[in-house]
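Student: Got a sequence here, can you build the structure:
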Amino acid sequence: MSGGEVAGILVAVFWAILVSFLAVALARLAQTLKATTKLVADVTDQAVPLLAEASTAVRSAQTQIDRVDAIASDVQEVTSNASALSTTVASTFGGPLVKVAAFGYGVRRALGGRKDDAPAKAPRRNVIVGRTVPAARRKRK
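Tutor: I've put the predicted structure just below:
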């Protein structure tokens, strides 16, 4: 055998080994692609119902938000009506009630006989060396 023939045989053997490694790699790649395809199909089968449920939940939430908005607007209207009623009651009854209270105060003052304008007497205190004893603690004779 000549050197060229040996080189040819070596190249053919390496070529066969390379082709077998590539064949194994392609077989594994094919298995991986099949598994990926199956996984994507399973995810799609599960995702479609989940998206439908999410869409239903969003619609339900929107309905609830619309209801809350209606309630909030009704509460605002009731609040404004209550404020208007309070203002009306205060303006209608406020003046006469103040006049009645002032009249009652005047009548009590007139019938009471006591004059608030006269200065009140200062409480009398006994002095003991170094301190003052309040009138309430003194013994009456």
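Student: all strands of the protein, in order?
Tutor: Under the criterion DSSP state E, the chain contains strands at 126-128, 131-133.
Student: Please spell out the segments of the protein that come in under the pLDDT threshold.
Tutor: 113-141 (pLDDT under 70).
Student: where do the helices sit along it?
Tutor: Taking DSSP state H as the criterion, the chain carries its helices at 3-112.
Student: mind checking how far residue 100 is from residue 63?
Tutor: According to CB to CB, to the nearest Å, residue 100 and residue 63 sit 54 Å apart. The way it works is simple: take the backbone N, C-alpha and C, and place the C-beta from them, glycine included.
Student: Revised request: answer the last question for residue 2.
Tutor: 90 Å.
Student: more neighbours, those two?
Tutor: More crowded of residue 2 and residue 63, by other CB atoms under 10 Å: residue 63, with 10 against 7.
Student: what's the more buried one in contact with, if anything?
Tutor: By CB atoms under 8 Å, 6 or more residues apart in numbering, residue 63 lies in contact with nothing.
Student: how much space is there between residue 87 and residue 81?
Tutor: 11 Å.
Student: which neighbours do the two share?
Tutor: In contact with both residue 87 and residue 81: no residue, using CB under 8 Å, 6+ apart.
Student: List the buried residues for stretch 56-67?
Tutor: Neighbour-count burial for stretch 56-67, counted by 16 or more other CB atoms under 10 Å, picks out no residue.
Student: so how far is that stretch from its chain's centroid?
Tutor: 19 Å (CA atoms, centre = their mean, to the nearest Å).
Student: do stretch 32-42 as well
Tutor: The answer for stretch 32-42 is 44 Å, by CA atoms, centre = their mean.
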